[in-house]
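Asks: I would like the atomic coordinates for the input below:
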Amino acid sequence: MAGALAARLALRFGRGRPRLIVVEPQRAACLYASCLAREPVSVDPSQPTVMSMLECYQPSLLAWRILAATAHAFMTVDEEMAQAAVLRLERPAGGDPRILSSESGAAGVAGLLHAAAEPAMRSAFGLNQHARVLLIVSEGAGEPIEQFREPM
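Replies: Numbering: from 1, shown residues only. Got it, this is the predicted structure:
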């Protein structure tokens with residue numbers, strides 16, 4: 001999905017394309033590892049991730065070629081960040097709509113929340129009062145995570 005979006009943005013906007021930040025689970029970060037190595041690499045499976053739909057240990061070679069040339073940054077999020085993002089979407093602030101998502105679907109939200117909380121990342125990603133952010137929540141709610149929810 002990230003590769004397809006990156007290709008479309010590059011074709012449509014060229015050098016003026018929006019910044020694309022690729023977010024992966026920390027436990028399955030083959031694209032992040034590939035970015036560090038500057039070539040496609042596989043990562044060893046470790047513990048399963050709650051972001052099961054993003055659990056990939058070897059990058060798609062086609063997606064990697066596109067992302068290596070077009071993505072602004074690659075980052076990882078851990079299990080707790082993904083679960084917190086699910087809850088944040090489920091219980092939004094103010095008048096924002098409620099969104100039911102799985103941890104995989106909320107990975108981008110987790111990445112944004114993490115980047116916004118870290119001054120160096122916030123600066124590197126251009127997250128300031130003028131920034132406009134598009135997040136894609138790629139799937140709806142999965143299994144309930146009641147153990148992480150606050151009592152109502």
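
Asks: now do the helices in this structure.
Replies: Here the chain has its helices, by DSSP state H, at 2-13, 30-37, 61-70, 79-90, 107-117, 119-124.

Asks: of the ones you listed, which approaches Ala141 most closely?
Replies: helix 79-90 (7.9 Å; CB to CB). For every residue, glycine as well, the C-beta is placed using N, CA and C.

Asks: contact partners of that closest one?
Replies: Helix 79-90 is touched from outside by 25-27, 49-51, 77, 98-104, 106-107, 109-111, 113-114, 137, 141, 145, 148-150, with contacts defined as CB atoms under 8 Å, 6 or more residues apart in numbering.

Asks: reformat the helices of the chain as CSV; add mean pLDDT, distance to Ala131 and mean neighbour count.
Replies: Converted to CSV, the helices of the chain look like this (pLDDT from 0 to 100; distance: least, CB to CB, whole Å; neighbours: other CB atoms under 10 Å):
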stretch, mean pLDDT, distance to Ala131, mean neighbour count
helix 2-13, 95, 16, 15
helix 30-37, 96, 22, 18
helix 61-70, 96, 19, 16
helix 79-90, 95, 18, 20
helix 107-117, 96, 10, 21
helix 119-124, 95, 9, 12
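
Asks: including distance to His130, could the ones you listed go into CSV?
Replies: Conversion of these to CSV gives the following (distance: least, CB to CB, whole Å):
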stretch, distance to His130
helix 2-13, 18
helix 30-37, 27
helix 61-70, 23
helix 79-90, 23
helix 107-117, 14
helix 119-124, 13
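
Asks: still on that earlier bit, give the buried subset of the contacts of helix 79-90 as a ChimeraX selection command.
Replies: Only the buried entries of those go into this ChimeraX selection, using 16 or more other CB atoms under 10 Å:
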select :25,26,27,49,50,51,77,99,101,102,103,104,106,107,109,110,111,114,137,141,145
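
Asks: next step: the contacts of helix 79-90 restricted to strands.
Replies: In strands, judged by DSSP state E, the following of the contacts of helix 79-90 are found: 25, 77.

Asks: just give the nearest non-adjacent residue to Val109, would you?
Replies: Sequence neighbours aside, Ala85 is the residue nearest to Val109 in space, at 4.1 Å (criterion: CB to CB, 6 or more residues apart in numbering).

Asks: picking up where we left off before, Arg132 is nearest to which of the helices of the chain?
Replies: The stretch from the helices of the chain with the least distance to Arg132 (CB to CB) is helix 107-117; that distance is 12.1 Å.
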